[in-house]
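Student: sequence-free structure coming up:
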């Protein structure tokens, strides 16, 4: 009996120790689960009068705008620091240096030595590397930079600011945006250089600029890309965000000159509102060599992308609201095809230091650029996704940036896992700031610092500077 009792006692003891060991190794309780929307549909019946809605939205904008400006200023150094030599195609200087601010007492070198778990637990992931909210994340919608609004008004002889909303303003300072208007280069006529002649292409001038350069079908495709169609915030109903009824927006209102003016909105493919992601307008240059479109949807052709944007993304993915506000579906066999064919003519800007393989010509490149190229294809791991000559693998990758921070709410947004995003081409990178799919990285230096941390490559200060020099040459 004593032997049996002793065995039982040992059994209980070892079982207890085993459970204690399991308890020590168990993961901490999961964080608060992201919310699920009550409905995937927007309200169709609007009881509030238009005048009352305008008053309400304007009164809310004061506090909302103040909140968002404070967020940006807490995240970034927004001062004007142009690079002394690096310029965009038409001469605008690139902003220099890392602009994401570090937590007090932290250095980039110290941060790079920490594990993702340590960074997450101590809450020291730079706020400038966190997902960037829309300037009005509670509602979202297209928001255009002042330069674009002003130029459209000038071309219309002051007859209204058709891209201006009464309830929200664009947020990122102009110095961090692409030059405006962007240059246009055509794959079929590289001999002509910038065919825009420094002008913003609109319905008023496209024929005079491109007649004799494009064939009639491509000219019609360009006309359609410049034609306005109803959109969620820009339409002729009282459920709009413009002072006067609007014909809508055109593809080239965001993709100005086939490039980008950094116009922003929220992706339409998820709910609820606070988990939707800001999207920075990418340039359409080089779509002829790409095989996926949209930052996360992985649309498989330019035609799919063109049709999806006009029929679905314009209305936050809600076909009922699209019908109410006047969606005008394009005919796939001709109109969508014509628009896509013109987009496929848009080329990257010239990169005189690159050879036919997309790599630097040693006779033209600086020592810093050559060192940066070696890092790009080696220690920095960039070429694992961004392969020459256009520096994309036409795939999607999940950076799992949420390893570095805990889910948190701010400025109307829930920062949580972001999922996979497409590999954007890096050719012409210097001409298309800000960077990453939501524009959270203001400079090339920010981009290098971000990936040095996320990929844990532990580049030295000089190595990071050399890598930025290479990127500016692409």
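Tutor: Nice, I can see it. Quick caveat, the model's predicted, so the values are computed rather than measured. Numbering: from 1, shown residues only.

Student: all strands for the stretch 201-350 of the chain, in order.
Tutor: Ranges of strands in the stretch 201-350 of the chain, per DSSP state E, counting those that start in this stretch, are 264-266, 278-280.

Student: shaky segments in this protein?
Tutor: Using pLDDT under 70 as the threshold, the predicted model of the chain has low-confidence ranges 1-34.

Student: which strand of it spans the most residues?
Tutor: With DSSP state E applied, the strand covering the greatest number of residues in the chain is identified as strand 82-87.

Student: Helix or strand next in line after that strand, which one?
Tutor: Read in the C-terminal direction, the helix or strand following strand 82-87 is strand 93-95, with elements assigned using DSSP states H and E.

Student: these two touch, right, residue 229 and residue 329?
Tutor: No: with contact defined as C-beta atoms under 8 Å, residue 229 does not count as touching residue 329 (9.5 Å). Where you see a C-beta, it was placed from the backbone N, CA and C, and this is true even at glycine.

Student: Now the common contact residues for the two.
Tutor: Shared contacts of residue 229 and residue 329, defined by C-beta atoms under 8 Å, 6 or more residues apart in numbering, comprise residue 310.

Student: Looking at the strands of the stretch 201-350 of the chain, which is nearest to residue 380?
Tutor: Shortest separation from residue 380 across those is recorded for strand 278-280, at 22.9 Å, computed as C-beta to C-beta.

Student: List the contacts of the residue nearest to residue 138 when sequence neighbours are not counted.
Tutor: Counting by C-beta to C-beta, 6 or more residues apart in numbering, the nearest residue to residue 138 once its immediate chain neighbours are dropped is residue 412, at 4.5 Å. Contact partners of residue 412, counting by C-beta under 8 Å, 6+ apart, are 133, 134, 136, 137, 138, 273, 274.

Student: switch to 10 Å and redo it
Tutor: Residue 412 makes contacts with 64, 67-68, 133-140, 273-274, as judged by C-beta atoms under 10 Å, 6 or more residues apart in numbering.

Student: Residue 226 too?
Tutor: With C-beta under 10 Å, 6+ apart as the criterion, the residues that contact residue 226 are 201, 202, 203, 204, 205, 206, 250, 251, 252, 253.

Student: So which of these sit within helices?
Tutor: If you go by DSSP state H, these have 206, 251, 252, 253 in helices.

Student: quick revisit: let me have the strands of the stretch 201-350 of the chain in TSV, adding mean neighbour count and distance to residue 123 as columns.
Tutor: Supplementary listing: the strands of the stretch 201-350 of the chain in TSV, determined by neighbours: other C-beta atoms under 10 Å; distance: least, C-beta to C-beta, whole Å:
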stretch	mean neighbour count	distance to residue 123
strand 264-266	24	26
strand 278-280	22	22
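
Student: out of these, nearest to residue 425?
Tutor: Minimum separation from residue 425 across these (C-beta to C-beta) falls at strand 278-280, 14.7 Å.

Student: going on from the host helix or strand of residue 369, what's the next piece of helix or strand?
Tutor: If you go by DSSP H and E, residue 369 is part of helix 367-376. In the C-terminal direction, the helix or strand that comes right after helix 367-376 (DSSP H and E) is strand 396-397.

Student: Can you tell me the strand partners of that next one and which way each runs?
Tutor: Looking at strand 396-397 with DSSP bridges, its partner strands are strand 421-422 (antiparallel).

Student: List the neighbours of the strand it pairs with that are in contact with it.
Tutor: Counting by C-beta under 10 Å, 6+ apart, the neighbours of strand 421-422 from elsewhere in the structure are 277, 282, 290-299, 385, 392-399, 436-438.

Student: Perfect, I'm done here.
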